[in-house]
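Asker: With the sequence up front, the predicted model follows.
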Amino acid sequence: MPVLRHRLHREPGEREFLMAWVQVPELTVRPSPQRYTRLGPAADGGALIRYTSGEFQRDITVDRDGFVVDYPGLARRIGPAHG
């Protein structure tokens with residue numbers, strides 16, 4: 001995940017990427033510009049990261065290791081972290 005690769009879970013910054021989106025079942029590929037911006041620290045030592053792609057935007061909470069804790073509308077980690 002770009003958050004880990006570019007240490008956005010630990011350091012301030014913003015990164016832009018051009019990803020490939022594969023449409024299923026056609027298997028056509030189209031470009032997908034994406035931006036990840038660190039908004040600040042999270043309460044548990046992690047960070048709040050804003051993900052933007054076109055008109056879509058979500059503020060994602062990651063833990064201190066960069067793993068997703070809360071992705072509103074998609075997923076939320078339950079139970080304790082392992083490690």
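Answerer: Now that the structure is in, tell me what you want to look at.

Asker: Beta-bridge partners for residue 37, please?
Answerer: Beta-bridge pairing of residue 37 under DSSP bridges involves residue 14, residue 50.

Asker: That one touches residue 49, doesn't it?
Answerer: Yes: counting by C-beta atoms under 8 Å, residue 49 is a contact partner of residue 37 at 6.9 Å. Glycine gets a C-beta too; all of them are placed from N, C-alpha and C.

Asker: Would you mind telling me which of these two has the busier surroundings?
Answerer: residue 49 (25 against 17; other C-beta atoms under 10 Å).

Asker: Find the nearest non-adjacent residue to the more buried one, please.
Answerer: With sequence-adjacent residues excluded and distances taken as C-beta to C-beta, 6 or more residues apart in numbering, residue 49 is closest to residue 60, at 4.9 Å.

Asker: Which residues belonging to the helix or strand encompassing the one you found are considered buried?
Answerer: For residue 60, the host element (DSSP states H and E) is strand 56-62. Buried residues in strand 56-62, counting neighbours by 16 or more other C-beta atoms under 10 Å, are found at 60-62.

Asker: Compute the first-to-last residue distance for stretch 21-32.
Answerer: 6 Å (C-alpha to C-alpha, to the nearest Å).

Asker: Who are the contact partners of residue 19?
Answerer: Applying C-beta atoms under 8 Å, 6 or more residues apart in numbering, one finds that residue 19 lies in contact with 31-34.

Asker: Narrow these to those in strands?
Answerer: Members of the contacts of residue 19 lying in strands (criterion: DSSP state E): 31-34.

Asker: Put the buried members of these into a ChimeraX selection.
Answerer: Buried subset of those, written as a ChimeraX selection, criterion 16+ other C-beta under 10 Å:
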select :34
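
Asker: I'd like the ones in strands among the contacts of residue 19 as TSV, with pLDDT and distance to residue 79 appended.
Answerer: Below are the ones in strands among the contacts of residue 19 laid out as TSV (pLDDT from 0 to 100; distance: C-beta to C-beta, whole Å):
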residue	pLDDT	distance to residue 79
31	95	37
32	94	31
33	96	35
34	96	29
